[in-house]
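**Q** Predicted structure and sequence below. I'll ask about it afterward.
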Number of protein chains: 2
Amino acid sequence: VKKKILFELRKLSGSYVSGEALSVQLGVSRTAIWKHVRELREEGYKIGSSSKKGYMLSAVPELNENEIKNGLQTIYLGRTIVYLETVGSTNTYAKKISLEGCHEGTVVVSENQTSARGRLGREWHSEGGKGIWMSVVLRPSIPPESVQIITLAAAVAVVKAIQYVTGIEAAIKWPNDIILNGKKLCGILTEMSCEMERVNFIVVGIGINVNHSEEDFPQNLRKIATSLKIFSQSIKNGDSHSYNRSAILKRLLFELEQMYNVINNCPSNKIDVDLNTNGNAVIAENSDSLTKEDSNSIVNEWRKYSLTLGKEITVIARGGEYNGIAVDITSDGRLIVLANDGIKHEILSGEVSIRGF
Amino acid sequence: VKKKILFELRKLSGSYVSGEALSVQLGVSRTAIWKHVRELREEGYKIGSSSKKGYMLSAVPELNENEIKNGLQTIYLGRTIVYLETVGSTNTYAKKISLEGCHEGTVVVSENQTSARGRLGREWHSEGGKGIWMSVVLRPSIPPESVQIITLAAAVAVVKAIQYVTGIEAAIKWPNDIILNGKKLCGILTEMSCEMERVNFIVVGIGINVNHSEEDFPQNLRKIATSLKIFSQSIKNGDSHSYNRSAILKRLLFELEQMYNVINNCPSNKIDVDLNTNGNAVIAENSDSLTKEDSNSIVNEWRKYSLTLGKEITVIARGGEYNGIAVDITSDGRLIVLANDGIKHEILSGEVSIRGF
């Protein structure tokens, strides 16, 4: 009923809706309507009331389950949302519920993370109420070696969603940092649970700095981290702009779902599991199952937004660093580096710094 | 105190130990001693008592935490044991406690599994009290691509432990089924949680059929499954022999720890994580971090027990089957197959049947 009341108020947002009309339409008492309105107010909805005219929705909270689902264009991503005020880490929470069997597409989103982590166990600063801290649960039928393509897709989805909602064009530093003005705007941490030949589930953790001011970052991060709000100030003569996190999150889920459909429905990417005449599962040899053709559309999108390709870079590798040029990425997401000594490297992971940054 | 009483009784197993002596030695009342003895009896320890002579241990249960730890030769594998009467699946349980931060080397062992699984979600029959159903938690510093070597090591550890305790020589069907007399004796299911470049944890699930009679297997499995007990009958003129599961499990942990030390301590196999001057973690390029040299000792052991190498096999691959000869395995555990059409394949996973089986 509460959702229906919100739906009706939203339809006539800015105008009054009569309490009696709501009561008749939804088949509940006026007292019940009143109780739900009170709850909605507690959740941050600004609802005016007048004994004569009824109720009027004048403002909605920026981020909660209702606001994410309102106008969400996806089929399955974000159809189950776990919205939390505070959590240790959305990835850890998502891994736990994945193990317990949650649906594909479940999204965990939290206003605060008390022990957020980036890749390799690094700390990630999660200022409360300012960012999008979320994790998406996926259960693709692809072999573990192919999972990097999902990380690339997530990076592309973040850039496209930000561009769509805010007009701001960010770029991707290989493999999946989102950079604005030379500073980090967003980090992505993909984790998976798998057997040798099959993925159980993937958790894609995404952290986007949205409405942070400079002072929301600890001193040591101010030179290397930025937010959409801080960036908006730099382009608008000092006027800063706050952005609606639900809008960005919704668009992100939509963009990600489009690309994930390509990855997950592409036959050459699947592990074929059929039953043979003995009733045993028959699976495909997957040594060549990396998504050559079908990942190309995603890799091409990734190339468009890449900050790394064509640049002089430094690779920090075992036994020392080397310099070279980032030439391209492979269809499975490895960075191809032509080192200054003429040797070509394919890097699956590691530390790459772009010269001049 | 209970463990100390058991320890003292075990030292003089078959002889009486005076209750008063125990009471003085351990600094507890004779009533307390009596209570603990009663508990031990409930756990399956046969302890005789005589008001004059005291207590005598005459028999111990075949499998429980105490029996596994008694005489265990490992440093860290099995130092924490979760012994359960019944569990859905030891792997699922182990994944859950791994996520919650359990120690490396933790072993989950259960008398019964109600929803045991093999590779690719296949059912696994876990007859209560007859087998070793266990999962080992590991937290190696190796990249996800190198994890297959741990599965090979586990297979070798099983074969060696069985040989050590029972004298029975089983063999390994690639990648990690243990075969006796052409039938399946043991299956191994390795699962991991990882980032793209680093393993969070690995759970190695091992199921060994030990003391099953033919009739303990469902009809449809009798042609393809066997146990140590069934096999002992075939070699001893009809006399069957039951084996001590704790003894096999202990030796298995010892053998696995030896090999795991090689894998995990080998520098070329590690992801180097250091802190650079900015306090950022610096990790190695791991595109070439597969365990070439250091995995050789394990791969060599695996070759010794292999049933597959040198045999004519059928590979069931996407788009059909092909026949060929299993030539070798690579240092990272892929099977090298020379197909009858002259093409060489390297298989990471899949269905392989050996002709004549």
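**A** Okay, I see it. Numbering: from 1, shown residues only, chains lettered A, B, ... in the order given.
**Q** Let's see the pLDDT reported for the spatially most central residue of chain A.
**A** Closest residue to the average C-alpha location of chain A: residue A:206 at 4.5 Å, with Cα atoms, centre = their mean. According to the per-residue confidence, residue A:206 scores 97 in pLDDT.
**Q** for the stretch 101-250 of chain A, what spans make up the helices?
**A** A:148-166, A:228-235, A:245-265 (DSSP state H, counting those that start in this stretch).
**Q** Those helices into CSV, with extra columns for distance to chain B and mean pLDDT?
**A** C-beta coordinates here come from the backbone N, C-alpha and C atoms, glycine included. Conversion of these to CSV gives the following (distance: least, Cβ to the nearest Cβ, whole Å; pLDDT from 0 to 100):
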stretch, distance to chain B, mean pLDDT
helix A:148-166, 6, 96
helix A:228-235, 21, 90
helix A:245-265, 15, 94
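**Q** what's near enough to touch the residue lying closest to residue A:61 once chain neighbours are set aside?
**A** Nearest in space to residue A:61, with sequence neighbours left out and distances taken as Cβ to Cβ, 6 or more residues apart in numbering or on different chains, is residue A:44 at 3.3 Å. When contacts are counted by Cβ atoms under 8 Å, 6 or more residues apart in numbering or on different chains, residue A:44 touches A:60, A:61, A:64.
**Q** Surely the last one and residue A:82 touch.
**A** The reference is to residue A:64. No - the pair residue A:64 / residue A:82 is not scored as a contact, 11.6 Å apart, by Cβ atoms under 8 Å.
**Q** Then the residue nearest to residue A:61 would be within a strand, right?
**A** No - counting by DSSP: H, G, I helix; E, B strand; the rest coil, one finds residue A:44 to be coil, located in no strand.
**Q** Check the gap between it and chain B for me.
**A** Using Cβ to the nearest Cβ, to the nearest Å, one obtains 32 Å as the distance from residue A:44 to chain B.
**Q** So that residue versus residue B:296, what's the distance?
**A** Noted for residue A:44: a distance of 62 Å to residue B:296, by Cβ to Cβ, to the nearest Å.
**Q** and of the contacts of residue A:44, the nearest to chain B?
**A** Distance to chain B across these (Cβ to the nearest Cβ) is lowest for residue A:64, with 27.0 Å.
**Q** ok, the closest one - how many residues close by?
**A** Residues near residue A:64, counting by other Cβ atoms under 10 Å in any protein chain shown, number 18.
**Q** Equivalent analysis for residue A:129, please.
**A** 15.
**Q** can you pull the contacts of the residue nearest to the centre of chain A?
**A** Applying Cβ under 8 Å, 6+ apart, one finds that residue A:206 lies in contact with A:132, A:134, A:135, A:136, A:154, A:158, A:186, A:187, A:188, A:252.
**Q** which residues does it bridge with?
**A** In this structure, residue A:206 has beta-bridge partners residue A:134, residue A:188, where bridges are defined by DSSP bridges.
**Q** List the contacts of the nearest residue to residue A:311 once chain neighbours are set aside.
**A** Spatial nearest neighbour of residue A:311, excluding adjacent residues (Cβ to Cβ, 6+ apart): residue A:354 at 4.9 Å. Residues in contact with residue A:354, defined by Cβ under 8 Å, 6+ apart, are A:173, A:307, A:308, A:311, A:312, A:313, A:326.
**Q** likewise residue A:69?
**A** Listed by Cβ under 8 Å, 6+ apart, the contact partners of residue A:69 are A:78, A:79, A:81.
**Q** now, which of these sits nearest chain B?
**A** Sorting the contacts of residue A:69 by distance to chain B puts residue A:81 at the head of the list, at 21.5 Å, by Cβ to the nearest Cβ.
**Q** Redo the contacts of residue A:44 as TSV? Include secondary structure, pLDDT and distance to residue A:21.
**A** As requested, the contacts of residue A:44 are arranged in TSV below (DSSP: H, G, I helix; E, B strand; the rest coil; pLDDT from 0 to 100; distance: Cβ to Cβ, whole Å):
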residue	secondary structure	pLDDT	distance to residue A:21
A:60	coil	93	21
A:61	coil	92	25
A:64	coil	93	26
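**Q** would a markdown table of those residues with distance to residue B:8 be doable?
**A** Formatted as a markdown table, those follow (distance: Cβ to Cβ, whole Å):
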| residue | distance to residue B:8 |
| --- | --- |
| A:60 | 71 |
| A:61 | 66 |
| A:64 | 62 |
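**Q** Go through those and say which is closest to residue A:212.
**A** Within these, the smallest distance to residue A:212 is 18.5 Å, found for residue A:61 (Cβ to Cβ).
**Q** That closest one and residue A:246, how far apart?
**A** Summarising the geometry, the distance separating residue A:61 from residue A:246, computed by Cβ to Cβ, is 8 Å.
**Q** Stretch A:342-352 close to chain B?
**A** Yes - counting by Cβ under 8 Å from any Cβ of the partner chain, chain B has neighbours in stretch A:342-352: A:345, A:346, A:347, A:348, A:349, A:350, A:351.
**Q** Going by neighbour count, list what's buried in that stretch.
**A** Buried residues in stretch A:342-352, defined by neighbour count with 16 or more other Cβ atoms under 10 Å in any protein chain shown: A:345, A:347, A:348, A:349, A:350, A:351, A:352.
**Q** Check stretch A:223-242 too.
**A** Within stretch A:223-242, the residues that qualify as buried by neighbour count (16+ other Cβ under 10 Å) are A:225, A:226, A:227, A:228, A:229, A:230, A:231, A:232.
**Q** Stretch A:311-324 now?
**A** Judged by neighbour count using 16+ other Cβ under 10 Å, the buried positions of stretch A:311-324 are A:311, A:313, A:315, A:316, A:317, A:318, A:322, A:324.
**Q** Dihedrals phi and psi, the fourth one?
**A** Main-chain dihedrals, residue A:316, degrees, to the nearest 10: phi -100, psi 110.
**Q** In terms of pLDDT, where does it sit?
**A** Reading off the confidence values, residue A:316 has pLDDT 83.
**Q** Residue A:135 and chain B, how far apart?
**A** From residue A:135 to chain B the distance is 13 Å (Cβ to the nearest Cβ).
**Q** now swap in residue A:8 and tell me
**A** Counting by Cβ to the nearest Cβ, the gap from residue A:8 to chain B is 42 Å.
**Q** Show me what the helix or strand hosting that residue is packed up against.
**A** Residue A:8 belongs to helix A:2-11 when assigned by DSSP states H and E. Other elements packing on helix A:2-11 under the criterion 3 or more Cβ pairs under 8 Å, 6 or more residues apart in numbering or on different chains; DSSP states H and E are helix A:19-26, helix A:30-42, strand A:54-59.
**Q** Which parts of the stretch 251-357 of chain A are strands?
**A** Taking DSSP state E, counting those that start in this stretch as the test, the strands found in the stretch 251-357 of chain A are A:273-275, A:281-283, A:312-317, A:320-329, A:335-339, A:344-347, A:351-354.
**Q** let me redo that: the stretch 51-200 of chain A
**A** A:54-59, A:81-87, A:107-113, A:131-138, A:171-173, A:177-180, A:183-195, A:199-209.
**Q** separation between the residue lying closest to residue A:194 once chain neighbours are set aside and residue A:100?
**A** Leaving out its chain neighbours, the residue that sits closest to residue A:194 by Cβ to Cβ, 6+ apart is residue A:144, at 4.5 Å. Look at residue A:144 and residue A:100: by Cβ to Cβ, they are 21 Å apart.
**Q** for residue A:190, same thing?
**A** As judged by Cβ to Cβ, residue A:190 and residue A:100 stand 20 Å apart.
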